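Engineer: task: produce atomic coordinates for the following.
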Amino acid sequence: MIRADAPKKVLWMDSEIEFLRAHAGFLEARGFTVEKSSTLAGALDLLKNCPYDLALLDEQTLGKEGASTVGRIRAACGEHVPLVLVTKNDE
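Structural biologist: Below you'll find the predicted structure:
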């Protein structure tokens, strides 16, 4: 659950994060702090060191082992952080 009493922190992991600047700016303009990672390893490091209110995860960056990768992410951040899988797959 997102805390109402503190700035809301979002982790956004996408291998093409530089193309999502406008999206991150949209969230930042509304009071969110957005930290970005272009790799799973970077996202896992960030999740271990900082409490987030939400994690946006690119489905393609997670790779073929998506389900086990989500387990690794849960181990890094705990059960309290909502995980949202996003994709821009045209299929």
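Engineer: helices of the protein, residue ranges please.
Structural biologist: Remark: helices assigned in the chain by DSSP state H are 21-29, 40-49, 59-62, 66-77.
Engineer: could you dump the longest one to CSV, C-alpha only?
Structural biologist: Included here for helix 66-77 are C-alpha records, laid out as CSV according to Å, rounded to 0.1, in the frame of the first residue of the first chain:
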residue,chain,number,x,y,z
GLY,A,66,9.8,-14.3,-15.6
ALA,A,67,8.1,-16.3,-12.8
SER,A,68,11.3,-17.2,-11.0
THR,A,69,12.6,-13.7,-11.6
VAL,A,70,9.6,-12.2,-9.8
GLY,A,71,10.4,-14.5,-6.9
ARG,A,72,13.9,-13.0,-6.8
ILE,A,73,12.4,-9.5,-6.8
ARG,A,74,10.1,-10.5,-4.0
ALA,A,75,13.0,-11.8,-2.0
ALA,A,76,14.8,-8.4,-2.5
CYS,A,77,11.9,-6.1,-1.7
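Engineer: how close does Leu44 get to Lys36?
Structural biologist: Distance, Leu44 to Lys36, by C-beta to C-beta, to the nearest Å: 14 Å. (Glycine included, C-beta is placed from N, CA and C.)
Engineer: tabulate the helices of the chain (TSV), appending distance to Leu83.
Structural biologist: As requested, the helices of the chain are exported to TSV (distance: least, C-beta to C-beta, whole Å):
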stretch	distance to Leu83
helix 21-29	16
helix 40-49	10
helix 59-62	10
helix 66-77	6
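Engineer: among those, which is nearest Asp14?
Structural biologist: Closest approach to Asp14 among the helices of the chain is made by helix 59-62 (5.9 Å; C-beta to C-beta).
Engineer: least confident of the helices of the chain, on average?
Structural biologist: Looking at those, the lowest mean pLDDT belongs to helix 59-62 (a mean of 71).
Engineer: now distance to Val10 and mean neighbour count too, for the helices of the chain, in TSV please.
Structural biologist: Below are those laid out as TSV (distance: least, C-beta to C-beta, whole Å; neighbours: other C-beta atoms under 10 Å):
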stretch	distance to Val10	mean neighbour count
helix 21-29	6	12
helix 40-49	11	16
helix 59-62	16	18
helix 66-77	12	14
